[in-house]
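1. 3D model of this:
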Amino acid sequence: MTRLRASACFRPARGVPTLAAALAVMVTVAGCQPASPPDARFTTVPQGDRDRGRDLMAQYQCGRCHTIPDVPAAEGRIGPSLAQFARRSYIAGQLPNGPQALQRWLQDPAAAVPGTTMPKLGVSPGDARDIAAYLLSLR
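-> Numbers count the residues shown, from 1 in each chain. Got it, this is the predicted structure:
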């Protein structure tokens, strides 16, 4: 009668741990590849002035409701943080995020998303363009 040690019963065949480790490393490395850059159609606002947009967010007091990177005193918590705004798929959970939809949203939120709590701030088309340029630069 042969007695097997418990550890011998679960020991994989020689070379299998090396192969499994190699596959694990390959899968991990493949998952660490840098992400492809975002499509410029969805992140670029033609003729938008990013720096002016950031300043306008302070002027319109967007920070009373939102936390906004690089905008002084913008630490509001009523609305969502606008950090990494460019990574969002949707605006207000309904509009596909992109330059045109964002500008439309900034000018008249209720017309873009009926029932929203975002107030209409009287943002002009030029200001909306620059604010959109700033928000879409936040990655």
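2. Can you pull out the low-pLDDT segments for this protein?
-> Low-confidence segments of the chain (pLDDT under 70): 1-38.
3. so what's the residue nearest the centre of the chain closest to, chain neighbours aside?
-> The centroid of the chain falls nearest to residue 87 when counting by C-alpha atoms, centre = their mean (2.2 Å). Spatially, and ignoring its direct neighbours in sequence, residue 87 is nearest to residue 139 (6.1 Å; C-beta to C-beta, 6 or more residues apart in numbering). Backbone N, C-alpha and C define where each C-beta goes, glycine included.
4. burial count for that neighbour?
-> By other C-beta atoms under 10 Å, 10 other residues sit near residue 139.
5. swap in residue 50?
-> In terms of burial, residue 50 registers 17 neighbours under the definition other C-beta under 10 Å.
6. and it, how far is that from residue 70?
-> Distance, residue 50 to residue 70, by C-beta to C-beta, to the nearest Å: 10 Å.
7. give the contact list for residue 90.
-> 96, 97 (C-beta atoms under 8 Å, 6 or more residues apart in numbering).
8. One more: residue 42?
-> With C-beta under 8 Å, 6+ apart, residue 42 has these contacts: 97, 98, 99, 136.
9. contacting residues around the last one?
-> Applying C-beta under 8 Å, 6+ apart, one finds that residue 136 lies in contact with 42, 43, 44, 45, 85, 86, 99, 102.
10. so what's the backbone phi/psi at it?
-> phi -80, psi 0 (degrees, to the nearest 10).
11. Check residue 63 too.
-> Dihedral angles of residue 63 (phi, psi; degrees, to the nearest 10) stand at phi -70, psi -10.
12. so who does residue 44 touch?
-> By C-beta under 8 Å, 6+ apart, the neighbours of residue 44 are 99, 136.
13. Look at it and tell me its secondary structure.
-> coil (DSSP: H, G, I helix; E, B strand; the rest coil).
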